[in-house]
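Chemist: Fold the stuff below for me.
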Amino acid sequence: MHYLLNKHVRTAAEKCPSLKSKRVSPHVLRHTTAMDLLQEGVEQSTIALWLGHESIETTQIYLDADLAMKQAVLDKTKPPDVKPGRYRPDDPLLAFLKGL
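Modeler: Down below sits the predicted model:
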């Protein structure tokens with residue numbers, strides 16, 4: 001499998017020279033495909049089945065969000081309406097946390 005993949009990467013690098021400096025492996029292709037499926041809205045459980053994983057936890061390794069996805073999420077948030085500085089919880093919150 002590695003031989004065939006390397007053969008096709010070399011062929012593709014003739015049209016896309018940046019591939020010469022990339023590390024392309026079956027694992028990289030799996031990860032890339034899983035990320036593409038996630039970005040297209042495919043559910044994680046479906047991706048887990050497609051990858052042949054027994055649990056979604058295993059699939060989560062492949063689905064660590066890339067920087068563009070993280071930025072998109074951050075862009076949807078708004079800063080909290082608080083003054084900058086160190087957060088100091090109030091007494092009821094501290095009591096609740098101590099009671100856990």
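
Chemist: gap between the two ends of stretch 76-96?
Modeler: Counting by Cα to Cα, to the nearest Å, you get 30 Å between the two ends of stretch 76-96.

Chemist: Where does pLDDT dip in this structure?
Modeler: Applying pLDDT under 70 to the chain flags the ranges 64-65, 67.

Chemist: again, only using 50
Modeler: Along the chain, the model assigns pLDDT under 50 to no residue.

Chemist: Quick one: end-to-end distance for stretch 57-69.
Modeler: Terminal residues of stretch 57-69 are spaced 19 Å apart (Cα to Cα).

Chemist: cool, and stretch 32-47?
Modeler: 12 Å.

Chemist: in it, what counts as buried?
Modeler: Judged by neighbour count using 16 or more other Cβ atoms under 10 Å, the buried positions of stretch 32-47 are 34-35, 37-38, 44, 47. In this view, the C-beta of every residue, glycine as well, is placed from N, C-alpha and C.

Chemist: what distance separates it from the middle of the whole chain?
Modeler: 10 Å (Cα atoms, centre = their mean, to the nearest Å).

Chemist: From the centre of the chain, give me the residue that's furthest out.
Modeler: Within the chain, the residue lying farthest from the chain centre (Cα atoms, centre = their mean) is Asp91, at 37.8 Å.
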